[in-house]
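K.L.:
got a predicted model here, sequence first, then my questions.
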Amino acid sequence: MGHAQLPDYRDPCGWNALLPKRLPRPQAMGVMRAKYVVIGAGYTGLAAARRLHELDPGQSILVLEGSEIGEGSSARNSGFMTPRDSKIDLSLSEMPRAERINAFCEEGFDYLKTIMTAGGFDADLIRSGRVTAAATDLGSQKIRSMHEGAQAHGFAHHYLKREDLKAFIGTDYYQCGLRIEEGYLMQPAKLIRGLADSLPDPITLYENTIVREVQPSDRGATWQVMTQEANITADIVIFATNAAIKQFGHWRDRLVTIYTYAALTAAMDSRDAAHLGDPVWGVLPAHRLGTTVRRVDHNRLMVRSLYAYEKPLAPQAVQHALTGCFERRYPMLKHVSLEHVWGGTTALTMNGSPLWGAIKQGLYASAGCNGSGVVKGTLLGKRLAEMIVTGDPQEALQSVYGRANWIAPEPFRTLGFHLVSAIERRKADLEM
Ligand SMILES: Cc1cc2nc3c(=O)[nH]c(=O)nc-3n(C[C@H](O)[C@H](O)[C@H](O)COP(=O)(O)OP(=O)(O)OC[C@H]3O[C@@H](n4cnc5c(N)ncnc54)[C@H](O)[C@@H]3O)c2cc1C
């Protein structure tokens, strides 16, 4: 039997810890037969399973999740969502592609919203605007070029000066910022729980079920999916494990696993919470290696920062770094501790394009959401199911997203990553 492992989720997810306990679905056991097996119950896998059921009702669909719903990276993220994924500081010539990307993105976003409405859960989704802020001169240049882009392309927006940000989020740490009106925040553990717990009945979800190996059987007509306790024969298998697909031998030369970290402060009393500005906000950094901050439940802050290549960081280093990110921004709240600290993974590709489609007859995958997988994973999972059931090759989607580039093998890959991140960290400076 193979040895595929889950990403290292060593600390419990803080978003999940804020919710009442949820009883996980049972583990898969014994010998089973299904038409479809989806591996991974994140945004990608759940959207794929649901869409398979919508297009091919009555067929058996099994979803195998190695962890528990609420403990995977789909719950571990910062909860930013946008129906408009393209960059803002674009030239006019880049706009047609950006508009096509945004149209796909809107489809993923609308699919999520339709499921939420039908399932009667809102995951605290709120139209908060999408705010990017800069703490350095370089970051401020970026904000200015985003501002010009927003003006040129007619996006509803507001430029924020230091004092506007101080009033809005309670700190004068940032020099300036830009608020694009179209942007949303949600509680990620609530969202992924809602999506999993509202799956239609013919879809069976198994939790704590790590797939160890997937092998062709019956001369390639079917696939054997092996877990700790089950052996499942399936006609069609979908990998929705994000970068963990590399452990099954696929796309190793195109995907990188990145660990990134988040923390929630302890709940603050009303005097401390008075320093937090408006009731609802989230701020993205002007540099890609920077720190994300958001207000949560009126009396907490979330900070997200740090990137580690392929392996998790030591817990003490994470605690120390995230405490620094929080205290630099809110020195008046130094006495407030970080109550929950956790890490999660995302999958990066060199050029930002996802890896998507058929690997072999009956074997499909989608991976590489490059850090914005809530909406993109949903879209790509949904469209993968459409390709499988209808046979439509999804050329428009494939041409707009492109295909992930080849990445140099080891040791050049690790050297390259460390070199680029050292240079970028210097540039990011106080955005971290
Ligand atoms: C700290 C942090 C902050 C982030 N912030 C944002 C944000 O604000 N907005 C945004 O859009 N994105 C954000 N992301 C990225 C986002 O979380 C991912 O892009 C998203 O989770 C990808 O969804 P997915 O379903 O493709 O993969 P995942 O969510 O990783 O789901 C894959 C699932 O497969 C399971 N799995 C893996 N291997 C196996 C196996 N062998 N057997 C069975 N199951 C297996 C895993 O347990 C996991 O649940 C963030 C990520 C992190 C870590």
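P.N.:
Yep, that arrived.
K.L.:
which helices and strands sit right next to the helix or strand harbouring Met95?
P.N.:
Using DSSP states H and E, the element containing Met95 is helix 95-119. Contacts defined by 3 or more Cβ pairs under 8 Å, 6 or more residues apart in numbering; DSSP states H and E place helix 95-119 against helix 43-55, helix 188-197, helix 373-390, helix 395-401. C-beta coordinates here come from the backbone N, C-alpha and C atoms, glycine included.
K.L.:
buried set for it?
P.N.:
Neighbour-count burial for helix 95-119, counted by 16 or more other Cβ atoms under 10 Å, picks out 98, 100-102, 104-109, 111-112, 115-116.
K.L.:
need these in JSON lines (columns: pLDDT and distance to the ligand).
P.N.:
Output for those, formatted as JSON lines (pLDDT from 0 to 100; distance: Cβ to the nearest ligand atom, whole Å):
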{"residue": "Ala98", "pLDDT": "87", "distance to the ligand": "17"}
{"residue": "Arg100", "pLDDT": "91", "distance to the ligand": "19"}
{"residue": "Ile101", "pLDDT": "91", "distance to the ligand": "14"}
{"residue": "Asn102", "pLDDT": "91", "distance to the ligand": "15"}
{"residue": "Phe104", "pLDDT": "95", "distance to the ligand": "14"}
{"residue": "Cys105", "pLDDT": "95", "distance to the ligand": "10"}
{"residue": "Glu106", "pLDDT": "96", "distance to the ligand": "14"}
{"residue": "Glu107", "pLDDT": "98", "distance to the ligand": "15"}
{"residue": "Gly108", "pLDDT": "98", "distance to the ligand": "10"}
{"residue": "Phe109", "pLDDT": "98", "distance to the ligand": "11"}
{"residue": "Tyr111", "pLDDT": "98", "distance to the ligand": "14"}
{"residue": "Leu112", "pLDDT": "98", "distance to the ligand": "11"}
{"residue": "Ile115", "pLDDT": "98", "distance to the ligand": "14"}
{"residue": "Met116", "pLDDT": "98", "distance to the ligand": "16"}
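K.L.:
and the residue nearest the centre of the chain?
P.N.:
Note on the chain: the residue nearest the mean C-alpha position is Gly373, at 3.7 Å, using Cα atoms, centre = their mean.
K.L.:
that residue contacts Gly40, doesn't it?
P.N.:
No: taking contacts as Cβ atoms under 8 Å, Gly373 lies outside contact range of Gly40: 11.4 Å.
K.L.:
shared neighbours of those two, which are they?
P.N.:
By Cβ atoms under 8 Å, 6 or more residues apart in numbering, Gly373 and Gly40 have these common neighbours: Asn242.
K.L.:
Ile238: which element?
P.N.:
If you go by DSSP H and E, Ile238 is part of strand 230-239.
K.L.:
after that strand, next one along is what?
P.N.:
Later in the chain than strand 230-239, the nearest helix or strand by DSSP H and E is strand 256-265.
K.L.:
against which helices or strands is that following strand packed?
P.N.:
Here strand 256-265 touches helix 14-17, strand 300-309, helix 315-329, strand 338-348, going by 3+ Cβ pairs under 8 Å, 6+ apart.
K.L.:
tell me the mean pLDDT for it?
P.N.:
Across strand 256-265, the average pLDDT comes to 96.
K.L.:
and what of stretch 318-328?
P.N.:
Here the average pLDDT along stretch 318-328 is 98.
K.L.:
quick one: which of the helices and strands packed on strand 256-265 is nearest Asp235?
P.N.:
Across these, Asp235 has its closest neighbour in strand 338-348 (26.4 Å, Cβ to Cβ).
K.L.:
in the next helix or strand after the closest one, which residues are buried?
P.N.:
With elements assigned by DSSP H and E, the helix or strand that comes after strand 338-348 is strand 355-360. Within strand 355-360, the residues scored as buried using 16+ other Cβ under 10 Å are Leu355, Trp356, Gly357, Ile359.
K.L.:
the second one bridge partners, please.
P.N.:
Counting by DSSP bridges, Trp356 is bridged to Ser366.
K.L.:
that older thread, just put the helices and strands packed on strand 256-265 in a markdown table and tack on mean neighbour count and distance to the ligand.
P.N.:
Formatted as a markdown table, the helices and strands packed on strand 256-265 follow (neighbours: other Cβ atoms under 10 Å; distance: least, Cβ to the nearest ligand atom, whole Å):
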| stretch | mean neighbour count | distance to the ligand |
| --- | --- | --- |
| helix 14-17 | 22 | 10 |
| strand 300-309 | 22 | 5 |
| helix 315-329 | 17 | 11 |
| strand 338-348 | 21 | 3 |
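K.L.:
in contact with the residue in the stretch 301-432 of the chain that the ligand sits nearest to, which residues?
P.N.:
Closest approach between the stretch 301-432 of the chain and the ligand, counting by Cβ to the nearest ligand atom: Gly373, at 2.1 Å. Residues counted as contacts of Gly373 (Cβ under 8 Å, 6+ apart) are Gly42, Tyr43, Thr44, Ser73, Ser74, Asn77, Asn242, Thr346.
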